[in-house]
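1. 3D model of this:
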Amino acid sequence: MIKKNSVFLISLLLTLFFIVWGVFLKNNLAKVTNTIYNSSIDYLGWVYLGAALFFVVFSVYLLFSKYGHIRLGKETDQPEFRTGSWLAMLFGAGMGIGIVYWSVAEPVTHFTNPPYGKPYTVDSANLAMKYVFFHWGLDPWAIYTIIGLALAFFQYNKKLPAAVSSAFYPILKDKIYGPIGKTIDILSVFATVFGIATSLGLGAMQVTAGMHAIFHVPNTLIVQLIVITVATILFIISINTGLEKGIQYLSNTAIILSFAIMLMVLIVGPTLTIFKVLFNTTGNYLSDFVHMSLRLAPFSKDTWIASWTLFYWAWWIAWAPFVGMFIARVSKGRTIREFVVGVLLVPTVGTCLWMSVFGGSALDIVQNMGGHDMAKEIANNVSLSIFIFFDHLSLSSVLSILGFAVVAIYYITVADTSTFVLGMLSEGGTLNPSNKIKMTWGIIQSAVAAVLLLAGGLNVLQTASIAAALPFAIIMVIMCFSLLKGLKSEEKVQENQKKAV
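-> Below you'll find the predicted structure:
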């Protein structure tokens, strides 16, 4: 009999092992993880591309299928959260600080170093925006849609524990409670801990950069560690207020401030250009979607696709257990059709709008307003990119302060939601984990981020976390067929109930 807390204990031991490895044998860990990651990209990059495209197609199929009417839970269950709060929470967990971090840096980087063609041209500007839409659009949200829907369905409709292993019940049956199921859950916890620890470390660097840009606080390692410490205290306070208050309030605040900043940039920035970018890029993105989804450039030695597209797909898949678990937790009472619209389509539209406002404005400055120095500054300091961009706009001080607030709130929100998910996974799939276990994971995550910042091993750990994405991509494909099998059985049950009535 496998103990209930075995997932927590084994995950904790694995975490400690990798911390020690990363601190004392950083170069060795870097060599091993880089070899694994580079091999998976070089030889099996097509698996990432094929899997991501499959998830988009499968999500759209579910949207229009006969299963769309099935409710996650009982037919009488109503959503636990209002639609606005629900969308804010899933957006904060799924993207959050990422779109603030990359909304300026990525399009400018692609403009100066495009996937093909000449840099600093109109074509490279259009290409940059098209790939930004591609990297942050349907594919990542389809990955979250698949895993979130599978977990929610088996939790609420089949009454199984809130664990990743539950999504494989139609295939594994009661083996999900044995070594196979526990292994899946341990890998999910492991991926979540290191993915979040990496994000906390990178987030601390961006928060510190923002403090340096706005308040002239020294941008040093000591300040970064202080940021992590303060953030830990804040999200531990938030943890103790519960899901309905802490995470929901933080997510609502972050999304309101995000809309305020986006509206301000839309007004003070090149408004007409932004609308043109949105419409033009949407057309380019949709018309070239299949081409980009399968593009590998087999006869070229260029590493652009591996450095960007394949890296992103691996990163989103590595984040999938954490984001999927959280989305499932807040989605009870939604129909499958509502779920797919809310998790796939609405965030994609919102993300593309955000990228058009920030990326389009930044490219306009770089291309038409002599902003080549801005491009060089961004290339030298990506973590400061959003604040460098604000310096070229009116109301720069107000925008910088609001931008810093959004980054800080998203930073705390991600830490808060991840500890909630880790608590669920560690306590046998409970929907309301204890504050004790959540606080334990919160402290561990922050400690991992701090230790690796000190040891200079943050990027090494990022590579380690996404190196595990390849097997999980295959697991998610299997999960799709498991979900389809479960939906077919649910449809039969509901048809029999209607006949009986």
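
2. which residue packs closest to residue 270, ignoring adjacent ones?
-> Of all residues not flanking residue 270 in the chain, residue 364 sits nearest, at 4.5 Å (Cβ to Cβ, 6 or more residues apart in numbering). Using the backbone N, CA and C atoms, a C-beta is placed for each residue, glycine as well.

3. Which helix or strand contains that neighbour?
-> In the assignment (DSSP states H and E), residue 364 maps to helix 346-368.

4. Can you list the buried residues in that helix?
-> For helix 346-368, burial by neighbour count (16 or more other Cβ atoms under 10 Å) applies to 346-348, 350-352, 354-367.

5. Could you list the low-pLDDT ranges of the stretch 201-350 of the chain?
-> Counting by pLDDT under 70, the ranges of the stretch 201-350 of the chain that qualify are 242-244.

6. and residue 316, how far is that from residue 186?
-> 21 Å (Cβ to Cβ, to the nearest Å).

7. Compare those two and say which is more crowded by neighbours.
-> Counting neighbours by other Cβ atoms under 10 Å for residue 316 and for residue 186 shows that residue 316 has the greater number, 27 against 22.

8. which residue sits closest to the more buried one in space, ignoring its chain neighbours?
-> Looking at residue 316 with Cβ to Cβ, 6+ apart, the closest residue is residue 140, at 4.2 Å.

9. go on, residue 377?
-> That would be residue 388: by Cβ to Cβ, 6+ apart, it lies 5.0 Å from residue 377.

10. Repeat that for residue 66.
-> Using Cβ to Cβ, 6+ apart, the nearest residue to residue 66 is residue 491, at 6.9 Å.

11. Can you say which helix or strand has the one you found in it?
-> Going by DSSP H and E, residue 491 is in helix 469-500.

12. And that helix, what does it pack against?
-> Judged by 3 or more Cβ pairs under 8 Å, 6 or more residues apart in numbering; DSSP states H and E, the packing partners of helix 469-500 are helix 26-64, helix 138-156, helix 169-172, helix 179-215, helix 311-329.

13. just to revisit the earlier point, and the residue nearest to residue 316, how many neighbours does it have?
-> If you count neighbours by other Cβ under 10 Å, residue 140 ends up with 29.

14. from what I can see it touches residue 94, true?
-> Yes: under the criterion of Cβ atoms under 8 Å, residue 140 makes contact with residue 94 at 7.3 Å.

15. list the residues that contact both of the two?
-> Taking Cβ atoms under 8 Å, 6 or more residues apart in numbering as the contact rule, residue 140 and residue 94 touch no residue in common.

16. quick one, what contacts the nearest residue to residue 53 once chain neighbours are set aside?
-> Once flanking residues are discounted, residue 53 sits nearest to residue 293: 4.4 Å by Cβ to Cβ, 6+ apart. Residue 293 makes contact with 49, 52-53, 56, 139, according to Cβ under 8 Å, 6+ apart.

17. ok, now residue 308?
-> Taking Cβ under 8 Å, 6+ apart, one finds 115, 131, 135 in contact with residue 308.

18. From residue 418, how far off is the nearest residue to residue 146 once chain neighbours are set aside?
-> The shortest distance from residue 146 to any non-neighbouring residue, by Cβ to Cβ, 6+ apart, is to residue 55 (5.1 Å). As judged by Cβ to Cβ, residue 55 and residue 418 stand 22 Å apart.

19. and if you look at residue 78?
-> From residue 78 to residue 418 the distance is 27 Å (Cβ to Cβ).

20. Compare those two and say which is more crowded by neighbours.
-> Between residue 78 and residue 418, residue 418 has the larger neighbour count (other Cβ under 10 Å), namely 28 against 10.

21. Now do the helix holding residue 491 against helix 26-64, angle only.
-> Interaxial angle, helix 469-500 versus helix 26-64 (axes from the mean of the first three to the mean of the last three Cα atoms, to 10 degrees): 30 degrees.

22. Please identify the buried residues of helix 469-500?
-> Of the residues in helix 469-500, 469-470, 472-473, 475-477, 479-480, 482-484, 486-487, 490 count as buried by neighbour count, 16+ other Cβ under 10 Å.

23. From residue 49, how far off is residue 43?
-> For residue 43, the distance to residue 49 equals 13 Å [Cβ to Cβ].

24. These two - which one has more neighbours?
-> residue 49 (20 against 10).

25. Wait, the more buried one touches residue 294, no?
-> Yes: Residue 49 lies in contact with residue 294 (Cβ under 8 Å); the separation is 5.8 Å.

26. so who does the residue nearest to residue 316 touch?
-> Applying Cβ under 8 Å, 6+ apart, the residues near residue 140 are 94-95, 312, 316.

27. Find me the pLDDT at residue 438, would you?
-> For residue 438, the pLDDT comes out at 85.

28. wait, what's in contact with residue 239?
-> Residue 239 neighbours (Cβ under 8 Å, 6+ apart): 246, 416, 419-420, 435, 438-439, 442.

29. and of those, the nearest to residue 127?
-> residue 416 (37.1 Å; Cβ to Cβ).

30. Go ahead and confirm that closest one touches residue 246.
-> Yes: using Cβ under 8 Å, residue 416 makes contact with residue 246 at a distance of 6.2 Å.

31. re the thing from before, what's the angle from the helix holding residue 364 to helix 138-156?
-> Using the same axes, to 10 degrees: helix 346-368 against helix 138-156 is 160 degrees.

32. Show me the two of the contacts of residue 293 that sit farthest apart.
-> Taking Cβ to Cβ as the measure, those span a maximum distance of 11.2 Å, between 49 and 56.

33. which stretch of helix or strand covers residue 120?
-> Going by DSSP H and E, residue 120 is not in any helix or strand.

34. can you list contacts of stretch 245-261?
-> 81, 84-85, 87-89, 91-92, 96, 100, 237-241, 354, 399, 402-403, 405-406, 409-410, 412-413, 416-417, 420.

35. likewise stretch 203-213?
-> 97, 100-101, 217-220, 223-225, 227-228, 231, 381, 383-384, 386-388, 400, 403-404, 407-408, 410-411, 414, 449, 453.

36. If anything else comes up later, I'll come back, but that's it for now.
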